[in-house]
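Engineer: only geometry, no sequence info:
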């Protein structure tokens, strides 16, 4: 059923034959302690960037180290004549700090192969996040060049060095280099599989709207003996507003909130249902036994496909030890919404504010402070590139790729959407137990090997699209 | 209509004739800087106590300075043979600190007479609170002794030196001296008139029940991207509980909350209505235009005769600057109830706790911390002593005495009720603009003079009771 180009077998054979060398190159990169949050490692970050640019040039890319106000970027291009499709691959060469160092079983920057419960593992900081992951793509491109003499698609590569410190320079860099970096699709290799045997594509990231509201009523703090009864209490007003944000079915009551929320496609709904996700264990890990939220949805649906409204903070009046009989003049809350599908954060912000204002009792005033908003990101299930990547992954792993969601946003994906108008295809080979950001980070040897092979196939599948 | 004993006119004449000397004694007491909160003035507090005991002895009381762990008490008695009725008069000889000193027009401890908009004023710290007020009673007793050779009733006097620093030693002292101090009624002169022309008796003090509740849901703080949707949010739970504490008519929804709340007697309701209380100005002073609280009640009724539920503090989650996408593991609130009539704080505490528990969603837990409870204090309108005092005040002032409430509690009144089982009759001659606790404290010369005359008449009226 799969229309595969005949050269792919040769490229996969090349990837297998060259795997030991691929692993050596990963070790080379892992030995550079490119910790971006610590100024002491700034030279190491530059060294990692230069190492990557040199490797890309060696493969056949036109690559360079590009300066920013922070850590440098690596940018490289190879655009074969006649290539129909152009992708931008994103990865990051910086790593998390390693403290507490005593908890590591060995030096985090002296990579080794160790035995694990599911087979051999690559041990060391950055093995998974993101040096191992980003090299799956680079080594796949190397195999294409070595076995086929050319890439099947046009490829740009952008590696940043500030992902672990907030990607501070990325948005401005994308804007400034718009014409150079704009492609059909962003490929990101910084996510997990569904499980060690099952590949996954993250196609949905929830968006976010974050509002802070402050209710003011009396012009100053009052004594509840002197004023309790007739005086409006802003904590009570705030509590009423918050309590009214959900109905008895757990649905958000803000008018027009559900405009643009798409129902899950039956195919994806069926796939998620078939996953056998262990809701009891997921909730039990944090001391819960029941799923809160909208009734009639599974936990995975609530996390990946349904919008939310949560209160992240509330404060008002006397909050220290003991008792004080105050009626405070104000109270405030931080309220955030996770958004899905085509929900428009700007529309919802205005609707939310109107809704809050309309419910105020006489004498209560409300102030709003915005802490930002961004739409959800959702690659349409019928997107041809998504379908092609899913087929390629199934071919490599022997199982259908799960189309996962992510409950949170991934800021860089939003940046690509905003600055370059590009959708992202998130394919990663990490496992939930890779201990990224923690001591004893590892990457399964299988993740690295089959990750390279997966990208070989995905590149071919994308090239085969009409 | 008034059955006045013929000797009263002579006592009143004596009070008038001796008024200049009464004023000199007040000045003597005011010159002693008896600031109880500042250890530097501890010797002055003792000096004030000794001064008062000496004066009482000089009048004819059997008085002494009694030690406590803090400032000393003054206790004195004069119990004429055959006196039917025994009252305990309470006052305090300590005063508030005087800072900020630069805001005073003159030395706070060098009392003088100054001109004010309504006539002459006694200027200085303690002129009103409470040295001037307590001496109205003492000087009235002196006039009785001088003109009639005896008091018309048995009188004990208790003057404390820690009222401005929390009356720390009072409850234990009352308990220890129970038999010595127990009388039919406590008289307290530490309150205001309704206005400069209208006397008042404070007959109602609201009680208090103060609870702190903490809602816990997840076992740790969660990321709202990872868990938002299915995870129970304790701030939302808390807000729902608080919002549900009142119905649409502003009534408290805790079961049995209104058990023991008496309707206002028609006579008192009519009196309050006739007062022409300026609700607009009372609310306007603190930036409000509407009375909140139970519908169908005037502001005075809401303050003096109706119970309340207020939230005095709330906190949960992230409350610093900016945004954090946390679902906190807990949230808490301080909730207090002002009680009236025969509401029982212990019964309401249990009902409140049951009510909160019954509304918890699955996985939410609640903890309660008590910050105390005390019943309201209400002198029955038909109490003969109250009626007698009201008649005496009307006779002196030419206007009916207003039976006022107070929205807050007066801790010492609760202490007399708890420790000695005694009701209190609160009669004071201070004005709202006496600037007690502030720079330039004053007491109207009329307050002092007619205050003395009022107590002369009240003592007689109490003696005349069957």
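Structural biologist: Arrived safely. All figures in this text were calculated on a predicted structure; none of them were measured in a lab.
Engineer: need the helix or strand of chain A with the lowest average pLDDT.
Structural biologist: Least confident helix or strand, chain A: strand A:377-378 with a mean of 88, by mean pLDDT, DSSP states H and E.
Engineer: backbone dihedrals for residue A:389, please?
Structural biologist: With angles defined as degrees, to the nearest 10, residue A:389 sits at phi -60, psi -40.
Engineer: now do residue A:55
Structural biologist: Torsion angles, degrees, to the nearest 10, at residue A:55: phi -60, psi -40.
Engineer: need the pLDDT of it.
Structural biologist: At residue A:55, the pLDDT value in this model is 98.
Engineer: contact partners for it?
Structural biologist: Neighbouring residues of residue A:55 by Cβ atoms under 8 Å, 6 or more residues apart in numbering or on different chains: A:25, A:138. For every residue, glycine as well, the C-beta is placed using N, CA and C.
Engineer: show residues contacting stretch A:257-267.
Structural biologist: A:251-252, A:272, A:301, A:305-307, A:309, A:337, A:340-344, A:347-348, A:351, A:378, A:381.
Engineer: just the buried residues of these.
Structural biologist: Listed as buried from these are A:251-252, A:272, A:301, A:305-307, A:309, A:337, A:340-341, A:343-344, A:348, A:351, A:378, A:381; burial here means 16 or more other Cβ atoms under 10 Å in any protein chain shown.
Engineer: filter these by proximity to chain B?
Structural biologist: residue A:306 (Cβ under 8 Å from any Cβ of the partner chain).
Engineer: in helices, which of the buried ones among the contacts of stretch A:257-267 fall?
Structural biologist: Within the buried ones among the contacts of stretch A:257-267, residues falling in helices by DSSP state H are A:272, A:301, A:348, A:351.
Engineer: what is the nearest of the residues you listed to chain B?
Structural biologist: Nearest to chain B among those, counting by Cβ to the nearest Cβ, is residue A:301 at 8.3 Å.
Engineer: what's the offset of the least confident helix or strand of chain A from the middle of its chain?
Structural biologist: Its chain's average C-alpha position is 11 Å from that of strand A:377-378, according to Cα atoms, centre = their mean, to the nearest Å.
Engineer: residue in the stretch 151-300 of chain A nearest to chain B?
Structural biologist: residue A:225 (2.0 Å).
Engineer: residues in contact with that residue?
Structural biologist: Here residue A:225 is in contact with A:325, B:206, B:338, B:406-409 (Cβ under 8 Å, 6+ apart).
Engineer: before we move on, back to that, what's the closest of the ones in helices among the buried ones among the contacts of stretch A:257-267 to residue B:120?
Structural biologist: Closest to residue B:120 out of these is residue A:351 (64.1 Å), distances taken as Cβ to Cβ.
Engineer: for that closest one, give me its contacts.
Structural biologist: A:254-257.
Engineer: likewise for residue A:325?
Structural biologist: By Cβ under 8 Å, 6+ apart, the contact set of residue A:325 is A:223-225, A:228, B:208, B:210, B:312, B:336, B:408.
Engineer: would you turn the ones in helices among the buried ones among the contacts of stretch A:257-267 into CSV with pLDDT?
Structural biologist: As requested, these are exported to CSV (pLDDT from 0 to 100):
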residue, pLDDT
A:272, 93
A:301, 95
A:348, 98
A:351, 98
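Engineer: for these, give me CSV that also has distance to residue B:263.
Structural biologist: CSV is the format used below for those (distance: Cβ to Cβ, whole Å):
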residue, distance to residue B:263
A:272, 61
A:301, 54
A:348, 48
A:351, 45
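Engineer: what's the local residue count around residue A:124?
Structural biologist: Residue A:124 has 28 neighbouring residues, counting by other Cβ atoms under 10 Å in any protein chain shown.
Engineer: does it touch residue A:105 like I think?
Structural biologist: No: applying Cβ atoms under 8 Å as the test, residue A:124 and residue A:105 come out as separate, 10.4 Å apart.
Engineer: now, of the contacts of residue A:351, which are buried?
Structural biologist: For the contacts of residue A:351, buried by 16+ other Cβ under 10 Å: A:254, A:257.
Engineer: ok, of the contacts of residue A:351, which one's closest to residue A:187?
Structural biologist: Nearest to residue A:187, judged by Cβ to Cβ, of the contacts of residue A:351 is residue A:257 at 32.8 Å.
Engineer: for the closest one, phi and psi?
Structural biologist: Phi and psi for residue A:257, reported as degrees, to the nearest 10, are phi -60, psi -40.
Engineer: ok, and what's touching stretch A:5-16?
Structural biologist: Residues from elsewhere that reach stretch A:5-16 (Cβ under 8 Å, 6+ apart): A:22, A:139-140, A:143-144, A:146-148, A:152, A:449, A:452-453, A:456-457, A:460, A:463-464.
Engineer: okay, buried residues for stretch A:452-465 please.
Structural biologist: Of all the residues in stretch A:452-465, those buried under the rule 16+ other Cβ under 10 Å are A:452-464.
Engineer: just give me how far that stretch sits from the chain centre.
Structural biologist: What separates the centre of stretch A:452-465 from the centre of its chain is 22 Å, taken as Cα atoms, centre = their mean.
Engineer: what average pLDDT does that stretch get?
Structural biologist: 96.
Engineer: then stretch A:412-429?
Structural biologist: For stretch A:412-429, mean pLDDT rounds to 93.
Engineer: what about the residue of the stretch 301-450 of chain A found nearest chain B, neighbour count?
Structural biologist: Closest residue of the stretch 301-450 of chain A to chain B, Cβ to the nearest Cβ: residue A:408 (2.0 Å). Counted with other Cβ under 10 Å, the neighbours of residue A:408 add up to 18.
Engineer: please apply the same query to residue A:82.
Structural biologist: A count of nearby residues for residue A:82, using other Cβ under 10 Å, gives 7.
Engineer: also residue A:148?
Structural biologist: Residue A:148 has 17 neighbouring residues, counting by other Cβ under 10 Å.
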